[in-house]
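K.L.:
no sequence on this one, just coordinates:
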């Protein structure tokens, strides 16, 4: 039976004994409850007795979790099932799983949840800043691995491991592989990484931003544990993140006015589906996933308005999914230019022609960016095509996301205020916009000063 120990007028500790899992004797588990000062003594006693019965039932049924006994790895599994898989976006969940599996659990997973102290987390963060921790470095096959690969055809290797045939072809020719491939192959051959691969670029270190991503994830997990009364406080709150010397943030790469004109001219004669995807990104500043998620039902061509309400993206383990925009401010209405309106009308007419041409073979879809038979493009395909296109045309290298930066540059050059720009881009806060485009805004500020100088000079001329 549960016992109640009062510690002052408003706090009590409930104690329950349960048999030890191994051997003889009992373990005592307890739960501390603090009552509101507004409750009377009679109410507090009645509530404490009620909580004691519930707590004893939890302990006896095995539902009670003890932070002193459960390991961090086991708790993470519970957190994943009860919270992460239900509340987080698939893309975020995949990133969290990767960080947990690759770095966090190997370092902290074996420890008791309640036993993890700020010193343990500090040591973990310091380890993240050392060389050899990054997972995006490349690996080359050793002679031992090449010998194993030579004994089996690429098709069979691909079928057995889930790795593309081109990866094996590349490795056999002396090419490199990423860590995910390394891990799969080492598991398949039941071999150690050092035996199968040689790591390249061993001096690379994680950025401070990546370390903070790990901190955010850990902090969220420990906060969840606090809410379940498994730990008294969050150890990450008493940790100072290590400072990392890194290069100054690079300016967002984009096209200037003249380069945009050359870019648009180069698009003439290219497949219309790609032209439309790139033009939408340039005209609206939409992200790649937002362009891929556009449907005819959320675009009002007559009013020149695009309602951004969803993303379409490929997420490992999930495939192609539709999900909400990146932030709460991500749901927004954007006005199209007249030029973009005309191009959309031409594209819609082209799709109608293709619908008639393909007849029953036409794939019915509301998605705007599709193949000629109506099948939606793979979400990342416009980005891949764009890279191939600018290389083929000899244009300055920028990424597909660089078209978003180009849109921002055009807006800033047109004296669009920061609040309006932030709203069009779907940033969570205008400070995000300011931080990304500081150099563009500073250049406009200098132009403003030049205009004042021109005013002063005009006064001098008149006198």
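P.N.:
In hand now; what should we look at? Just so it is clear, the structure is predicted and the values come from calculations on it, not from any experiment.
K.L.:
Tell me the secondary structure at residue 365.
P.N.:
At residue 365 the chain is in coil, as set by DSSP: H, G, I helix; E, B strand; the rest coil.
K.L.:
I'd like the distance between it and residue 286.
P.N.:
19 Å (CB to CB, to the nearest Å). The way it works is simple: take the backbone N, C-alpha and C, and place the C-beta from them, glycine included.
K.L.:
and if you look at residue 332?
P.N.:
For residue 332 relative to residue 286 (CB to CB), the value is 10 Å.
K.L.:
returning to that earlier point: of residue 365 and residue 286, who's got more company?
P.N.:
residue 286 (27 against 12; other CB atoms under 10 Å).
K.L.:
In space, what's closest to the more buried one - neighbours in sequence excluded?
P.N.:
Nearest residue to residue 286, sequence neighbours excluded (CB to CB, 6 or more residues apart in numbering): residue 280, at 6.2 Å.
K.L.:
For the strand or helix carrying that neighbour, give me every contacting residue.
P.N.:
Under the criterion of DSSP states H and E, residue 280 resides in helix 272-284. Residues from elsewhere that reach helix 272-284, judged by CB atoms under 8 Å, 6 or more residues apart in numbering: 260, 263-264, 267, 286, 288, 291-292, 294, 306, 334, 336-337, 339-340, 343-344, 346-347, 350, 368-372, 377, 382, 385-386, 389, 400, 403-404, 406-407, 424.
K.L.:
As a check, name the ranges of all strands in the stretch 151-300 of the chain.
P.N.:
176-177, 197-199, 299-300 (DSSP state E, counting those that start in this stretch).
K.L.:
Quick one: closest of those to residue 122.
P.N.:
strand 197-199 (26.1 Å; CB to CB).
K.L.:
Run the chain-centre distance for the closest one.
P.N.:
28 Å (CA atoms, centre = their mean, to the nearest Å).
K.L.:
Could you do stretch 187-198 as well?
P.N.:
29 Å.
K.L.:
try stretch 28-44
P.N.:
42 Å.
K.L.:
For it, the averaged confidence score.
P.N.:
For stretch 28-44, mean pLDDT is 89.
K.L.:
Contacts for that stretch, please.
P.N.:
Counting by CB under 8 Å, 6+ apart, 7, 9-18, 47-48, 51, 55, 59, 64, 66, 229 sit against stretch 28-44.
K.L.:
what's the span of it, first residue to last?
P.N.:
By CA to CA, to the nearest Å, the extent of stretch 28-44 from end to end equals 23 Å.
K.L.:
Please apply the same query to stretch 360-370.
P.N.:
16 Å.
K.L.:
Quick one: mean pLDDT for that stretch?
P.N.:
Stretch 360-370 comes out at a mean pLDDT of 95.
K.L.:
same deal with stretch 321-341?
P.N.:
According to the model, stretch 321-341 has a mean pLDDT of 89.
K.L.:
how many other residues sit next to residue 277?
P.N.:
27.
K.L.:
Actually, residue 349.
P.N.:
9.
K.L.:
now the angle from the helix or strand it falls within to helix 272-284?
P.N.:
Using DSSP H and E, residue 349 sits within helix 338-358. Relative orientation of helix 338-358 versus helix 272-284 (axes from the mean of the first three to the mean of the last three CA atoms, to 10 degrees): 160 degrees.
K.L.:
relative orientation of the helix or strand just after helix 338-358 and helix 272-284 in degrees?
P.N.:
Going down the chain from helix 338-358, the next helix or strand is helix 381-393, by DSSP H and E. Interaxial angle of helix 381-393 relative to helix 272-284 (the same axes, to 10 degrees): 100 degrees.
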